[in-house]
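# Here is a sequence with its predicted model. Questions after.
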Amino acid sequence: MSPLPGDHDHARTDAQTHVSAAEAEVVRLTQDLIRIDTSNYGDNTGPGERAAAEFVVEQLQEVGLDPELFESAPGRANVVVRIPGEHPERPALVLHGHTDVVPAEAKDWKVDPFGGEEFDGMVWGRGAVDMKGMDAMILAVVRQMMREGRRPARDLIVAMFADEEAGGKYGARYAVDQRPELFEGATEAISEVGGFSVDVDGKRAYLLQTAEKGIAWLKLIADGQAGHGSAVNPDNAVSELAAAVARVGAYQWDIRLTPTVMALLEGVADLTGLPLDLDDPLAIDRLIGALGPARRFVGSSIRTLANPTQLHAGYKSNVVPSRATASIDVRPLPGDHDAVLAKVRELAGPQVRVEPEHVDIGLEVPATGALVDTMTRVLQDQDPGAVVLPYMLSAGTDNKSLARLGITGYGFAPLRLPADLDFTALFHGVDERVPSDALRFGVRVLDGLLREA
């Protein structure tokens with residue numbers, strides 16, 4: 001039986017009431033999380049995530065849930081809880097965040113990076129964008145849902161991982177490898193770096209992350225003959241390494257447009273009227289440029305990139321060292337990992353060894369299907385007329401680890417942003433901040449998603 005008009009209006013009013021409490025506390029939760037320093041230095045020497053994990057546990061226990069906290073190493077804590085859904089016969093959905101953040105130099109900021117201040121309509125601090133704001137949105141929606149006695153549409157697995165900023169060894173990778181039973185029956189996942197709005201020729205579009213590049217953090221090593229800096233030395237490790245680094249850094253990788261990037265460029269062409277000529281790199285650049293500040297992320301998705309990031313050699317200016325090393329951050333397009341590493345070895349040359357320090361897969365998942373349709377619909381419910389476009393993240397997320405269990409992951413941390421906010425520059429940036437209204441918008445969207453997805 002179809003609902004009467006009055007019934008429909010009553011249901012809409014209830015839904016608005018339901019999310020109001022979550023909207024009211026999402027800023028406070030974001031601030032509380034930012035104030036817990038979880039800086040990840042990549043070498044297991046930071047404060048760890050234990051305090052943030054305990055905070056998450058407290059917030060979930062307060063509404064009657066029984067989350068599990070487990071450590072992969074002292075202080076490296078993860079939290080997982082499963083919430084039964086209305087339709088337990090359906091595959092489960094994973095909604096996950098990470099509680100660690102990259103370090104921040106306080107002297108470079110206009111505010112305390114761990115102060116969690118709110119002013120100018122923004123919540124400021126390390127993690128506001130990446131990704132304690134989304135963590136807070138998840139907590140706020142789940143807390144409200146539990147207070148109301150509602151269940152999600154299907155089983156929901158909420159996870160807060162450690163160590164995402166250093167590849168997930170102590171977080172998602174550990175959980176997947178050591179505790180796979182926690183994700184039993186799950187087929188899809190939602191997490192960070194997607195669902196935010198961009199201005200395209202005066203129209204608002206939301207970028208849904210359906211792909212992410214691979215990761216290959218490589219060490220280049222040159223060995224040579226040690227000796228006095230004043231003597232002839234034809235076997236100089238520093239010279240050999242410097243030449244190899246220069247070759248790798250200068251190499252221009254070919255453009256390759258994956259299905260995700262093709263769909264994005266086609267969508268931008270439709271919005272702007274700009275031509276899409278796949279044989280014209282300038283036409284591709286113009287379409288990417290139409291995305292404004294988001295071109296930083298999107299511009300990296302049309303080709304592999306390899307950036308030298310560190311150099312180490314010697315101990316005194318008049319001593320030729322016997323070894324020199326360099327670090328290269330390589331981001332291959334999905335499916336290109338082996339070919340890219342082979343090319344780096346070729347560029348490095350026979351005198352320089354290439355050793356992987358951390359590698360992980362690239363991902364590209366369907367930009368169509370029931371979950372994508374629902375994400376699009378709930379976004380448009382809150383922002384009628386908005387367009388949703390797929391895109392590829394140039395970095396990586398914990399969806400890489402969940403993919404090892406066959407779980408299809410999307411980036412969907414919904415934020416309606418001011419057109420003039422250079423949002424992508426705030427990831428790992430100085431004076432990281434997120435609009436308070438965007439957090440409340442995200443709560444409304446996530447609430448709608450968990451009701452339907």
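Received it, and whenever you're ready, just let me know what you need. Numbering: from 1, shown residues only.
# When you work out contacts or count neighbours from here on, use the C-alpha atoms and nothing else.
Noted.
# residue ranges of the helices in the stretch 251-400 of the chain, please?
259-272, 281-289, 295-298, 337-348, 370-382, 399-402 (DSSP state H, counting those that start in this stretch).
# Could you export these to CSV, including columns for distance to Arg28 and mean pLDDT?
Putting the helices of the stretch 251-400 of the chain into CSV (distance: least, C-alpha to C-alpha, whole Å; pLDDT from 0 to 100) gives the following:
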stretch, distance to Arg28, mean pLDDT
helix 259-272, 35, 96
helix 281-289, 36, 95
helix 295-298, 29, 86
helix 337-348, 42, 97
helix 370-382, 22, 96
helix 399-402, 27, 97
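# residues near Phe423, how many?
Phe423 is flanked by 20 other residues according to other C-alpha atoms under 10 Å.
# Then the one 4 residues further on?
Applying other C-alpha under 10 Å, we find 18 residues neighbouring Phe427.
# Next, the contact list for it, please.
129-130 (C-alpha atoms under 8 Å, 6 or more residues apart in numbering).
# how about a cut-off of 10 Å?
Counting by C-alpha atoms under 10 Å, 6 or more residues apart in numbering, Phe427 makes contact with 102, 126-131, 193, 433.
# And Tyr410, by the same measure?
95, 188-195, 208-212, 363-367, 371-372, 390, 397, 399.
# Which of those fall within strands?
95, 188-191, 208-212, 363-364, 390 (DSSP state E).
# ok, those vs Pro384, which is closest?
Leu208 (16.4 Å; C-alpha to C-alpha).
# so that closest one bridges to which residues?
Pro390 (DSSP bridges).
# Tell me if I'm right that it and Leu371 touch.
No - checked against C-alpha atoms under 10 Å, the pair Leu208 and Leu371 is beyond contact range at 11.6 Å.
# what's the burial count for Asp32?
For Asp32, using other C-alpha under 10 Å, the count is 18.
# and if you look at Gly314?
Using other C-alpha under 10 Å: Gly314 sits among 16 other residues.
# ok so, going back, among Leu208 and Leu371, which residue is more densely surrounded?
Comparing Leu208 with Leu371 by other C-alpha under 10 Å, the one with more neighbours is Leu208, at 28 against 18.
# Kindly compare burial across the helices of the stretch 251-400 of the chain and name the winner.
Mean neighbours per residue, mean count of other C-alpha atoms under 10 Å, is largest over the helices of the stretch 251-400 of the chain for helix 399-402, with a mean of 24.
# what's the distance between it and the middle of its chain?
Chain-centre distance of helix 399-402: 11 Å, with C-alpha atoms, centre = their mean, to the nearest Å.
# other SSEs contacting it?
strand 92-98, helix 172-178, strand 186-191, strand 203-212, strand 408-411 (3 or more C-alpha pairs under 10 Å, 6 or more residues apart in numbering; DSSP states H and E).
# The ones you listed into CSV, with extra columns for distance to Leu271?
Output for the helices and strands packed on helix 399-402, formatted as CSV (distance: least, C-alpha to C-alpha, whole Å):
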stretch, distance to Leu271
strand 92-98, 31
helix 172-178, 37
strand 186-191, 27
strand 203-212, 8
strand 408-411, 22
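# Reformat these as TSV; add distance to Glu240 and mean pLDDT.
As requested, those are arranged in TSV below (distance: least, C-alpha to C-alpha, whole Å; pLDDT from 0 to 100):
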stretch	distance to Glu240	mean pLDDT
strand 92-98	40	98
helix 172-178	36	97
strand 186-191	43	98
strand 203-212	33	96
strand 408-411	41	97
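# The closest residue in space to Ala348 that isn't next to it in sequence: what's it in contact with?
Sequence neighbours aside, Ala244 is the residue nearest to Ala348 in space, at 4.5 Å (criterion: C-alpha to C-alpha, 6 or more residues apart in numbering). Residues near Ala244 by C-alpha under 10 Å, 6+ apart: 220-222, 238, 326, 344-352.
# Turn these into a markdown table, including distance to Asn318.
Below are the contacts of Ala244 laid out as a markdown table (distance: C-alpha to C-alpha, whole Å):
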| residue | distance to Asn318 |
| --- | --- |
| Leu220 | 23 |
| Ile221 | 21 |
| Ala222 | 19 |
| Val238 | 13 |
| Ala326 | 21 |
| Val344 | 31 |
| Arg345 | 30 |
| Glu346 | 31 |
| Leu347 | 29 |
| Ala348 | 26 |
| Gly349 | 26 |
| Pro350 | 27 |
| Gln351 | 23 |
| Val352 | 23 |
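# pLDDT score assigned to the nearest residue to Asp422 once chain neighbours are set aside?
Nearest residue to Asp422, sequence neighbours excluded (C-alpha to C-alpha, 6+ apart): Pro293, at 5.5 Å. Pro293 carries a pLDDT score of 87 in this model.
# Pro293: neighbour count?
Pro293 has 19 nearby residues by other C-alpha under 10 Å.
# swap in the one 10 residues further on?
Here the count is done by other C-alpha under 10 Å, and Arg303 has 18 residues near it.
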